[in-house]
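Okay, here's the prediction I keep looking at, along with the sequence it came from:
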Amino acid sequence: MDTAAVAGRAAQAAFGLGLAARAEMTGDAEVMVADSGLGGDDRGFETGRQLNWAKCGSPSPEPSPSAPLLHQTLAPSPPLVFSSRLLRPLILCSYSSSSSSARFILAAHIPNPSFAAAAGSWGIRAGAGEDSRRQHKALLVETFHQSSTLRALLRQLSRKGSDPLRMLRRDGDWTSDQLWAAVAFLAESGRSGEALQVFDYWKNNEIARINEANYSRIIRFLCERSFTSEAVSAFQDMKSHDLIPSLAIYNAIIHGFAREKKFDEAIATLEKISEVGLPRKSETYNGLIQAYGSHKMYDDMSKCVKRMESDGCFPDEVTYNILITEFARGGLIERVERTFRTLLSKRMNLQPSTLVAMLEAYTDLEILEKMEKAYNRVLKTKAFLKESLIRKLAKVYIKNHRFSCLEDLGNDIGGTVGRNDLVWCILLLSSACCLSRKGIDSVVREMEVAKAQFSITFANILAHFYLKMKDFRALDVTFMRARKENIKPDIVTIGILFDACKIGYDGTRVLEEWVRNGYLQDIAQMRTNELVLTAFGKGFFLIKCEKLYSSLESDKKKESFVEIL
């Protein structure tokens, strides 16, 4: 991970502050506040997240505390762009000389949370007068200087051989923002020991800093990043100052040990909760149960639930959702369904992510009926489905010859995320597997209207279809279109050609063009979506290639097409 990426993640961890994208028209000023990405280059605002400009004719509602809007009409001035390599663009301020309208964009993670709160409380609006202008200018200047200071600090920390403790001693003291930015950067860089040293020195500079809030923050931060031993050191230091750790701190340490598979230490810490008189709550056990599941210790998950109940802390909705999710990931369908029935009997809610985990379990085991029921329930929740799961669903439908369901899957996903390459692939396959020329032509026309980019996967689906139909003229057209689109053949394309030649197709011209263009000098590889092979099989040529490939020595497995042929 490069320095810029580490700095970006550190900034996110330290500040945790973003502004939601919103826009409005206020008099003659077009105003927008947006959350920008934290990237690793210095090309300015354009490399951040794309912004959707919106104009509202009517006054917008009052800004919420979570996304304060800054309203200000700016006098015409040259555009200002503040950006850096370590922290993404801070301020963009531009104007239109053809009219008196102005644009103001705040696109940064503002370093100082109190500063963001102050901006929201100021309620700067267009036409508010000179006071508003001065406040706005102060806001810009202060944000710029604070961010410049943090950039300089992170730049120094990123240098080889940098000593953060010596830097802190040299500077005398750091602000809270500087401290947490440094801690985040060091932790993300794997320098957790130095992060703890810096924290210790910083909090000893002022007695007021030795408090439960600061210790809680550093301990939870270290535990979340699997630096539990350092977190325990901070925990012991906290107790030496006669500070009483909260349940949240104990939970952080217990879950930290559990994630690192140190369950004996986790249980020992759990016992201390009762000793200090803190109440045991379900969150403590939920983290333990999830850790057991992530380490595939399913029997221990069940034992932890029994222990939870014996300690007088009964499973809640989160507990049952965790159990179902982890059992599903382990393929333990009977336990999944038993826990699911218990959840329903207690009138608790099934979280969308849990339902997706159940769907994936049924899909992996190819239990078609239960898979379809789970899929229909997932559709109602509008939960996000990963592409890997969509491919698995499509594969099960193809294997079970449920081509109408395959088409429905493509349309469902297309309606949710748009018609991407995977969706077009599924729609083409649903018609191709039915040997429906009308269906294929319809999907191809839709692709042309949508200006979908022709790819090797689409070319091979069409070629397979026309080969099945023994329509050599259409097969010729498909190969010709692939050449015009400058799409190089892969091992599947070559397999289709030779399989076609085996049943009477004259592929001499196509093969000569491939040789002339140097395509056959490339390393033999498959760039086609695997769903195509699931639908059409491998064919005579690919089966022979597989046998040849398996017989080769490992250092000779990168053969060109010419060498294979």
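In hand now; what should we look at?

wait, what's in contact with residue 416?
Taking Cβ atoms under 8 Å, 6 or more residues apart in numbering, we find residue 416 in contact with residue 382. (C-beta placed from N, C-alpha, C; glycine too.)

Tell me which helix or strand it sits in.
helix 403-417 (DSSP states H and E).

The protein: strands as residue ranges?
Assigned by DSSP state E, the strands in the chain fall at 22-26, 29-33, 80-82, 91-95, 102-106.

so what's residue 443 closest to, chain neighbours aside?
Once flanking residues are discounted, residue 443 sits nearest to residue 427: 4.9 Å by Cβ to Cβ, 6 or more residues apart in numbering.

does the one you found really touch residue 445, like I thought?
No. In this structure, residue 427 is not within contact of residue 445 by Cβ atoms under 8 Å, at 11.7 Å.

ok, those two, which is more surrounded?
With neighbours defined as other Cβ atoms under 10 Å, residue 427 and residue 445 compare such that residue 427 has more, 26 against 10.

Where does the prediction get shaky in the stretch 251-400 of the chain?
Judged by pLDDT under 70, the stretch 251-400 of the chain has no weakly predicted residues.

Would you mind splitting this protein into its domains for me?
3-157, 489-564 (automatic domain parsing).

what's the least confident stretch among these?
Of all these, mean pLDDT reaches its minimum on domain 3-157 (a mean of 45).

in stretch 503-516, what counts as buried?
505, 507, 510-511, 514 (16 or more other Cβ atoms under 10 Å).

Kindly check the end-to-end length of stretch 364-373 for me.
15 Å (Cα to Cα, to the nearest Å).

can you list the residues that contact that stretch?
Residues from elsewhere that reach stretch 364-373, judged by Cβ under 8 Å, 6+ apart: 331, 333, 359, 362-363, 392-393, 396, 399-400, 402, 405.

For it, buried residues please.
For stretch 364-373, by 16+ other Cβ under 10 Å, it's 364, 368, 370-372.

do the same with stretch 463-483
463-467, 472, 474-476, 478-479, 482-483.

Stretch 154-173 now?
Along stretch 154-173, these residues count as buried under the neighbour rule (16+ other Cβ under 10 Å): 154, 157-158, 164, 168.

Can I get it as PDB, trimmed to CA atoms?
Output of stretch 154-173 as PDB, limited to C-alpha atoms (Å, rounded to 0.1, in the frame of the first residue of the first chain):
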ATOM      1  CA  LEU A 154       1.400  13.100   7.500                       C
ATOM      2  CA  ARG A 155       4.100  13.900   4.900                       C
ATOM      3  CA  GLN A 156       6.800  13.900   7.700                       C
ATOM      4  CA  LEU A 157       5.400  10.700   9.200                       C
ATOM      5  CA  SER A 158       5.600   8.900   5.800                       C
ATOM      6  CA  ARG A 159       9.300   9.600   5.400                       C
ATOM      7  CA  LYS A 160      11.600   6.600   5.800                       C
ATOM      8  CA  GLY A 161      13.000   6.400   9.300                       C
ATOM      9  CA  SER A 162      10.600   9.000  10.700                       C
ATOM     10  CA  ASP A 163      10.400   9.100  14.500                       C
ATOM     11  CA  PRO A 164       6.900  10.400  15.500                       C
ATOM     12  CA  LEU A 165       7.700  10.600  19.200                       C
ATOM     13  CA  ARG A 166      10.700  12.800  18.400                       C
ATOM     14  CA  MET A 167       8.500  14.900  16.100                       C
ATOM     15  CA  LEU A 168       6.000  15.400  18.900                       C
ATOM     16  CA  ARG A 169       8.700  16.400  21.400                       C
ATOM     17  CA  ARG A 170      10.100  18.900  18.800                       C
ATOM     18  CA  ASP A 171       6.700  20.500  18.200                       C
ATOM     19  CA  GLY A 172       6.000  20.600  22.000                       C
ATOM     20  CA  ASP A 173       2.400  19.500  21.500                       C
END
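
How far does that stretch sit from its chain's centre?
Stretch 154-173 sits 32 Å away from the centroid of its parent chain (Cα atoms, centre = their mean, to the nearest Å).

Can you pull the phi/psi pair for the closest residue to residue 469 other than its chain neighbours?
Nearest non-adjacent residue to residue 469, counting by Cβ to Cβ, 6+ apart: residue 435, 6.6 Å away. Here is the backbone geometry of residue 435 (degrees, to the nearest 10): phi 50, psi 40.

count of residues packed around residue 435?
As a burial measure, residue 435 scores 12 neighbours (other Cβ under 10 Å).

can you tell me which residues contact it?
465, 468-469.

Roughly how far does it sit from residue 540?
20 Å (Cβ to Cβ, to the nearest Å).

In terms of pLDDT, where does the residue nearest to residue 469 sit?
You'll see residue 435 listed with a pLDDT of 93.

any idea how far it is from residue 468?
The gap separating residue 435 from residue 468 is 6 Å, by Cβ to Cβ.

which one in this protein is furthest away from the centre?
No residue in the chain sits farther from the centre than residue 504, which is 49.2 Å out by Cα atoms, centre = their mean.

could you pull out the helices for the stretch 351-500 of the chain?
Remark: helices assigned in the stretch 351-500 of the chain by DSSP state H, counting those that start in this stretch are 352-364, 368-381, 387-399, 403-417, 421-433, 437-449, 456-468, 472-484, 491-502.

This completes my enquiry, with thanks.
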